[in-house]
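*Asks:* Provided below for reference: sequence and predicted model.
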Amino acid sequence: MADLFTNFAGITSPNPFWLASAPPTNTGAQIMRAYDAGWGGAVWKTLGTPIRNVTARFAANNHGGQRMMGLNNIELITDRPLDVNYAEIREVTRRYPEHATVISLMFESEQEWKENIERSIENGAKGLELNFGCPHGMCERGMGSAVGQEPAVLEEITRWVKKYSSIPVIVKLTPNISDITRPGVAAVRGGADAVSLINTIKSLMAVDLDLMVPIPNVGGASTNGGYCGPAVKPIALHMVAALARHKDFNIPISGIGGVSNWRDAAEFIALGATNVQVCTAVMHYGYRIVEDMIDGLSNYMDEKGYKTIHDFAGKAVSSYSNWEDLNMNYKVIAKIDKDKCIGCQLCYVACYDGSHQCIYIPGAEDGRAPAPVEGYNRVPWVAEDECTGCNLCSLVCPVEECITMEPVENGLEPVSWKQYTSGEKPLPAYHY
């Protein structure tokens, strides 16, 4: 049976599922309920000089019948006194010593960092997470993503923290930057024990077209917030993988961004993370989703023969390549299963208007379409010699496994764009 116990940069926990620093980790009572539900760790909602939050803090993007596909928030760090937070931290760490209770911090001066690092450790924190990612409110004060976007500043503050901390230090990175490896490598230079990413993406969710006010509406005005949830997962996966494969990056990664189920977690782990943090899914469905996450990941690992997380952590990183290194001679073509096809012809429309015009419908006056076949008179067909293998038809098809992309054995040796442009290898004539 799979062992989900994890040691993340020296912070141990019963499983790799942690709560991210956010509303679900705002109080000690919440975190204790989460631990009772099965969560392995939690990153406390960011401590700093307490602020005053506004009301109307969240807005959601619903898509395809799914609520909260993306969530935007303009909530800031803790609005509760630091003394109250530290008293609750002490109680949580006393009652749940086997869990990973990590404290998120955000301060301005070195002295403030020093004082609150000491208080966090005194009250039992297992690790510290430095919030260099918040994209709203705090960055206007020179904190949050304002630090994460300046690698030199990030490196310096990380050094401050490491000077005073006797427990592991995790740097939380902002995605609001052109190259995630720059702050990631700066964290390594600053002595960080690990990084976590991604924080939320700066965004405006929508506009109320009657009131002409962006959403959420705070008394007739709004502001940019942080975008998270399932919609940001592809961005998060890319940034995690970009760091995991970088030659100068060599510390553990905590993956964050749209983790909603065990499969999401496994994908982050395969791309280099060794634990994951969850926020939006808990805000949507509650703490008990971790039960399915634990069961699902454990069953997957048993099926694949993985004993621990580290048996497959980073296993997909080596296959994440630059475009110029991909095999230009690899070819797939679309195959339509006429017995599964429902005749909606979405593939035909998508290919004809949005792709490469290689799907035809029976009886059309295009000079190539065959006469309708009884019982299949609405089933499109693929001109295989024209198919570019773009995958679009299989993506728009509403029937599972009706359209598949089948590899073609063409007898050609692999050739990359880099090899072709350098003159190392030729490419066959291209079909337009």
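*Replies:* Looks like it arrived, so ask away. Everything numeric in this text was worked out from a predicted model, so none of it was measured.
*Asks:* for the stretch 251-400 of the chain, what spans make up the helices?
*Replies:* 262-270, 280-285, 289-304, 346-354, 392-396 (DSSP state H, counting those that start in this stretch).
*Asks:* of all those helices, which lies closest to A383?
*Replies:* Nearest to A383 among the helices of the stretch 251-400 of the chain is helix 346-354 (10.0 Å), distances taken as Cβ to Cβ. All C-beta atoms are positioned from the backbone trio N, CA, C, and that covers glycine.
*Asks:* which residues sit against that closest one?
*Replies:* 334, 336, 357-361, 380, 392-393, 396-398, 403 (Cβ atoms under 8 Å, 6 or more residues apart in numbering).
*Asks:* State the mean pLDDT of that helix.
*Replies:* Mean per-residue pLDDT for helix 346-354: 96.
*Asks:* How far does that helix sit from its chain's centre?
*Replies:* 31 Å (Cα atoms, centre = their mean, to the nearest Å).
*Asks:* What of stretch 116-135?
*Replies:* 23 Å.
*Asks:* before we move on, what about stretch 16-30?
*Replies:* 18 Å.
*Asks:* Show me what counts as buried in that stretch.
*Replies:* 16-28, 30 (16 or more other Cβ atoms under 10 Å).
*Asks:* among these, which are in strands?
*Replies:* Applying DSSP state E to these, the entries found in strands are 17-19.
*Asks:* of those residues, closest to D83?
*Replies:* So of these, ranked by how close each gets to D83 (Cβ to Cβ), first place is L19, at 22.7 Å.
*Asks:* Which SSE is immediately downstream of the one helix or strand in the chain whose mean pLDDT sits lowest?
*Replies:* Least confident element among the helices and strands of the chain, by mean pLDDT, DSSP states H and E: helix 145-148 (a mean of 63). As assigned by DSSP states H and E, the chain's next helix or strand after helix 145-148 is helix 151-164.
*Asks:* by contact count, what packs against that next one?
*Replies:* On a contact count with 3 or more Cβ pairs under 8 Å, 6 or more residues apart in numbering; DSSP states H and E, helix 151-164 meets helix 110-122, strand 127-131, helix 145-148, strand 169-172, helix 181-189.
*Asks:* mean pLDDT lowest for which of those?
*Replies:* Among the helices and strands packed on helix 151-164, helix 145-148 scores lowest, at a mean of 63.
*Asks:* which one is E110 nearest to, not counting chain neighbours?
*Replies:* W160 (5.0 Å; Cβ to Cβ, 6 or more residues apart in numbering).
*Asks:* shaky segments in the stretch 201-350 of the chain?
*Replies:* Scanning the stretch 201-350 of the chain for pLDDT under 70 picks out no residues.
*Asks:* Which parts of it are strands?
*Replies:* 201-203, 206-208, 213-215, 225-228, 253-256, 275-278, 332-336 (DSSP state E, counting those that start in this stretch).
*Asks:* Need these in TSV (columns: mean neighbour count and distance to V147).
*Replies:* Listed next are these as TSV, based on neighbours: other Cβ atoms under 10 Å; distance: least, Cβ to Cβ, whole Å:
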stretch	mean neighbour count	distance to V147
strand 201-203	21	15
strand 206-208	13	29
strand 213-215	17	26
strand 225-228	26	15
strand 253-256	30	17
strand 275-278	29	19
strand 332-336	19	45
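*Asks:* Of these, which is nearest E267?
*Replies:* strand 253-256 (8.6 Å).
*Asks:* on contacts alone, who are the packing partners of that closest one?
*Replies:* Counting by 3+ Cβ pairs under 8 Å, 6+ apart, strand 253-256 packs on strand 194-197, helix 233-244, helix 262-270, strand 275-278.
*Asks:* one step back: which of the strands of the stretch 201-350 of the chain sits closest to Y285?
*Replies:* strand 275-278 (10.2 Å).
*Asks:* So what are the sheet partners of the closest one and their directions?
*Replies:* With DSSP bridges as the test, strand 275-278 is paired with strand 17-19 (parallel), strand 253-256 (parallel).
*Asks:* how about the ones you listed in CSV, adding distance to M106?
*Replies:* Listed next are the strands paired with strand 275-278 as CSV, based on distance: least, Cβ to Cβ, whole Å:
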stretch, distance to M106
strand 17-19, 18
strand 253-256, 16
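*Asks:* right, and those - which one's nearest G343?
*Replies:* Here strand 253-256 is closest among these (Cβ to Cβ), at 41.6 Å.
*Asks:* what's the offset of that closest one from the middle of its chain?
*Replies:* Per Cα atoms, centre = their mean, the centroid offset for strand 253-256 relative to its chain is 8 Å.
*Asks:* re earlier: identify, from the buried residues of stretch 16-30, the entry nearest to E303.
*Replies:* Using Cβ to Cβ, these come closest to E303 at P16, 17.5 Å.
*Asks:* Not counting sequence-adjacent ones, nearest residue to that closest one?
*Replies:* P16 sits nearest to N275 (Cβ to Cβ, 6+ apart), 3.9 Å away.
*Asks:* Next, the contact list for that neighbour, please.
*Replies:* 6, 8, 13, 16-18, 40-41, 254-255, 309.
*Asks:* Can I get the residues you listed in TSV including distance to A206?
*Replies:* Putting those into TSV (distance: Cβ to Cβ, whole Å) gives the following:
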residue	distance to A206
T6	38
F8	37
S13	37
P16	34
F17	31
W18	30
G40	35
G41	34
S254	30
G255	28
I309	38
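*Asks:* If anything else comes up later, I'll come back, but that's it for now.
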